[in-house]
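Peer 1: Give me a 3D structure for the following:
(2 chains)
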Amino acid sequence: GAVVSQHPSWVICKSGTSVKIECRSLDFQATTMFWYRQFPKQSLMLMATSNEGSKATYEQGVEKDKFLINHASLTLSTLTVTSAHPEDSSFYICSARDQQGAEEKLFFGSGTQLSVL
Amino acid sequence: AQTVTQSQPEMSVQEAETVTLSCTYDTSESNYYLFWYKQPPSRQMILVIRQEAYKQQNATENRFSVNFQKAAKSFSLKISDSQLGDTAMYFCAFRRTASKLTFGTGTRLQVTL
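Peer 2: Coordinates of the predicted model:
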């Protein structure tokens, strides 16, 4: 089945530094990817929709200058948390849309736990 | 905007028993998709089952089945013959065609011996 690889699985960084998270679709092309944030024991909250070759669409309340999204190829989207602070500590999950089959499918990465000290 | 409501924060079921998780949603769309996702302690999101709104027949996947009531906007998940490996968070989700997923708040299911 289709696989989405998300890297790194976890990262610890100092406050003020930037962290990049990668999301790759391994066996299909994904013109659209999604980035979610999940706090402990809570649901997934959509942060932004990443579109290949164009600007990402951010959900209301998500700072686009804080969470930079780049979708430069059909198999890779990156989320960069700029000048990270402790309140950015969270679990980040990506998903990629596979529209090449008879029905559209969505596949999730394994997530990235970000801890900002 | 679409909303998805899961009114049961936590549920518990004994191994081999049956449990039903509730989900209701609100939309003005007529064509959409509904999903149940499982998130075990590994936190990997796993698709359990999906239902197309235009299909009247309830979807089934082995021990998992849904009761889809379109008029009532209800989409419950039934897990039969529960197994310890079914212990996880379960999220109900809604999506319009070629659009984003909206998740419910989740139900934590504990399967006990």
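Peer 1: from here on, contacts and neighbour counts on C-alpha atoms
Peer 2: Fine.
Peer 1: can you confirm residue B:85 is in a strand?
Peer 2: No: assessed with DSSP: H, G, I helix; E, B strand; the rest coil, residue B:85 is helix; it does not lie in a strand.
Peer 1: How about the contacts made by the residue nearest the centre of chain B?
Peer 2: When chain B is reduced to its mean C-alpha position, the nearest residue by C-alpha atoms, centre = their mean turns out to be residue B:36, at 3.3 Å. Contact analysis of residue B:36 by C-alpha atoms under 8 Å, 6 or more residues apart in numbering or on different chains lists B:47-50, B:77, B:90-93.
Peer 1: who in chain B is up against chain A?
Peer 2: Residues of chain B lying close to chain A by C-alpha under 8 Å from any C-alpha of the partner chain are B:43-46, B:91, B:98, B:100, B:102-106.
Peer 1: from those, which single one is nearest residue A:58?
Peer 2: residue B:100 (11.8 Å; C-alpha to C-alpha).
Peer 1: I'd like to know how many residues surround that closest one.
Peer 2: 18 (other C-alpha atoms under 10 Å in any protein chain shown).
Peer 1: before we move on, what about the one 5 residues further on?
Peer 2: For residue B:105, the count of nearby residues is 23 (other C-alpha under 10 Å).
Peer 1: for the closest residue to it other than its chain neighbours, phi and psi?
Peer 2: Distance criterion C-alpha to C-alpha, 6 or more residues apart in numbering or on different chains; nearest residue to residue B:105, sequence neighbours excluded, is residue A:43 at 5.0 Å. Main-chain dihedrals, residue A:43, degrees, to the nearest 10: phi -80, psi 170.
Peer 1: check contacts around residue A:43.
Peer 2: Residues near residue A:43 by C-alpha under 8 Å, 6+ apart: B:91, B:103-106.
Peer 1: Would you format these as CSV with pLDDT and secondary structure included?
Peer 2: Shown next, in CSV, are these (pLDDT from 0 to 100; DSSP: H, G, I helix; E, B strand; the rest coil):
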residue, pLDDT, secondary structure
B:91, 97, strand
B:103, 95, strand
B:104, 96, coil
B:105, 95, coil
B:106, 96, coil
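Peer 1: Determine which two of those residues are furthest apart.
Peer 2: B:103 and B:106 (7.9 Å).
Peer 1: Now for these two: what residues contact both?
Peer 2: A:43, B:91-92.
Peer 1: Residue B:29 and residue B:96: what is the separation?
Peer 2: 8 Å (C-alpha to C-alpha, to the nearest Å).
Peer 1: Kindly report the same for residue B:88.
Peer 2: Counting by C-alpha to C-alpha, the gap from residue B:88 to residue B:96 is 26 Å.
Peer 1: Residue A:54 too?
Peer 2: Counting by C-alpha to C-alpha, the gap from residue A:54 to residue B:96 is 22 Å.
Peer 1: So which of these two has more stuff around it?
Peer 2: Relative neighbour count places residue B:96 above the other of residue A:54 and residue B:96, with 18 against 11, counting by other C-alpha under 10 Å.
Peer 1: Near the residue nearest to the more buried one when sequence neighbours are not counted, how many other residues are there?
Peer 2: Leaving out its chain neighbours, the residue that sits closest to residue B:96 by C-alpha to C-alpha, 6+ apart is residue B:32, at 4.4 Å. Around residue B:32 there are 16 other residues, counting by other C-alpha under 10 Å.
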